[in-house]
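S.K.: Sequence and predicted structure below; questions after.
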Amino acid sequence: MKNKPIEVQHFTLRDEFIELHNLFKVLGIAGSGAEGKVLVASGNVTVDGVLELRKSAKIRAGQLVKLPGTTINVHAPDPAEAAAHAERVAAAEIAMKAVNVLKAAKAKVAAETKGTAANKTKRVDSPFSAPIRRKRGIVK
């Protein structure tokens, strides 16, 4: 009887860690994070040779994750790639802060103008509206 070969996958981190169920999702071992959680709960996952039942266990660089038929080596990111990722994250945080400031300002303006006559539309008669009303049978 032949043994099924063990597939070895390598994963390079972008951040300090990745949660175990998300690691399975990112590598395509599980179709979703929920499937990854089911995989961990099955009791077939070991991290560095120790049975792991925590679905959100933090997997860091240098750790070895094993499933039946699959071994995953987790590596630290290249320093240049880590710096580029940190810059992208910082830029995204700055953009989100700007969006939140704009949303707060918009909400403040909406709260201040709510219920005032400024935001209520008035019907204005124009010289062209009388013939239209007569045609529709609306007499004023």
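M.R.: Great, that's in hand.

S.K.: Please point out which parts of the longest helix along the chain sit buried.
M.R.: Looking across the chain with DSSP state H, the single longest helix is helix 79-113. By 16 or more other CB atoms under 10 Å, the buried positions in helix 79-113 come out as residue 82. Heads up, the C-betas are built off the backbone N, CA and C, glycines and all.

S.K.: Quick one: mean pLDDT for it?
M.R.: Average pLDDT, helix 79-113: 87.

S.K.: Can you name every helix or strand that that helix contacts?
M.R.: Contact partners of helix 79-113 among helices and strands, from 3 or more CB pairs under 8 Å, 6 or more residues apart in numbering; DSSP states H and E: none.

S.K.: what helix or strand is residue 54 on?
M.R.: Counting by DSSP states H and E, no helix or strand carries residue 54.

S.K.: tell me the contacts of it?
M.R.: Shown in contact with residue 54 (CB atoms under 8 Å, 6 or more residues apart in numbering): 20, 40.
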